[in-house]
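**Q** this is the structure alone, sequence omitted:
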């Protein structure tokens, strides 16, 4: 037993510890958003299942359609000094949810880029599921080692073509602060490395490995989750180094489709995630967006995604064959209103113009803090076991 009081300690939007009970409650709250639908048994592989949209997709598929599956993530266990990562605790609770619903889910804690992980997971699919109907690829990683060359690539958040300055949200002792952040220009090598990490090469390798083992069921489809976002954040995101990787992801979908695989990208709307909160400008933009129109939660969007992937509703595709779950965000009236607020925000009025307190609370929730109903003064067990098959 390793019980202790867990408090939020960190710097900026990064916390060193996570609260096990709070993380578990977040999973239960997400599941409560889902209305169950009767359906024939389906199976799925979710790569990146412990956080952000990957977590939301796992919970929505499990709770709505009773999907059985395997989730892959890369999380750290508790140590003598630190708690486990938030994704560790969320995965444990997601496994408990699967057991409660009578579904079969196995969670593999390993590097999804590694060939050894692919071999392990494909063996599990063969023995436990007999094949998969769906593969959801939701990977946001700082680096990737190519197992076939041994070379390690590093992703960067930089502009392309010219330096860029953006407004950005920060906090000083809990008070919102408006900053100007300069964005460096990425070199050609940095762009290429970012594409290697965040592009579609590994996604395609997963599909190839599954096909070679004859583990794709009839009617199989696959989707990689992506983001386009507003022109206000475009210079750093969609037109930046990460955008080059997202474009490669979309090109990979077209190549897979040309090779006979039903493959698409899903353009999700804005959300507060551990990946997005680290991007300059995104926090301010999301805070303004929430103030203007509110946000569709990742679970709400994931429900819409599963409804389309299972054929419950028609695919909502754009001219480039991408599923669009972000139409609410990129509505002209919404974007016009957000732009007005973006241009009017100053260091003096940021607390009233942006929904900054909400944003900070959402970031803290990513680590299990500020979750209603949790006693943060009570000691809690931090040494939680990795879940066995549910």
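**A** Okay, I see it. Every value quoted in this text rests on a predicted model; they were computed, and no experiment measured them.
**Q** gap between the two ends of stretch 192-203?
**A** The separation between the terminal residues of stretch 192-203, taken as C-alpha to C-alpha, to the nearest Å, is 17 Å.
**Q** and what about residue 357, helix, strand or coil?
**A** Residue 357 carries the three-state label helix when classified by DSSP: H, G, I helix; E, B strand; the rest coil.
**Q** quick one, what contacts it?
**A** 176, 351 (C-beta atoms under 8 Å, 6 or more residues apart in numbering). To be clear about C-beta, it is placed using only N, CA and C from the backbone, and glycine gets the same treatment.
**Q** what do you get for residue 377?
**A** By C-beta under 8 Å, 6+ apart, residue 377 lies in contact with residue 5.
**Q** try it again with 10 Å
**A** 5, 7 (C-beta atoms under 10 Å, 6 or more residues apart in numbering).
**Q** check contacts around residue 74.
**A** By C-beta under 10 Å, 6+ apart, the neighbours of residue 74 are 48, 50, 85, 87, 108-114, 117, 139, 141.
**Q** look up phi and psi at it.
**A** Per-residue torsions, residue 74: phi -130, psi 100 (degrees, to the nearest 10).
**Q** per-residue pLDDT, it?
**A** Residue 74 carries a pLDDT score of 96 in this model.
**Q** same thing with residue 1?
**A** Note for residue 1: predicted pLDDT of 61.
**Q** tell me how far the residue nearest in space to the middle of the chain lies from residue 387.
**A** Nearest to the mean C-alpha position of the chain, by C-alpha atoms, centre = their mean, lies residue 52 at 3.1 Å. According to C-beta to C-beta, to the nearest Å, residue 52 stands 19 Å off from residue 387.
**Q** all the helices of the chain, in order from the start?
**A** For the chain, helices defined by DSSP state H occupy the ranges 20-32, 52-65, 86-100, 115-124, 188-198, 201-212, 241-258, 282-293, 298-309, 327-330, 332-344, 350-353, 356-366.
**Q** columns distance to residue 146 on top of those helices, output as CSV?
**A** As requested, the helices of the chain are exported to CSV (distance: least, C-beta to C-beta, whole Å):
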stretch, distance to residue 146
helix 20-32, 32
helix 52-65, 22
helix 86-100, 24
helix 115-124, 10
helix 188-198, 7
helix 201-212, 8
helix 241-258, 15
helix 282-293, 28
helix 298-309, 29
helix 327-330, 34
helix 332-344, 38
helix 350-353, 43
helix 356-366, 29
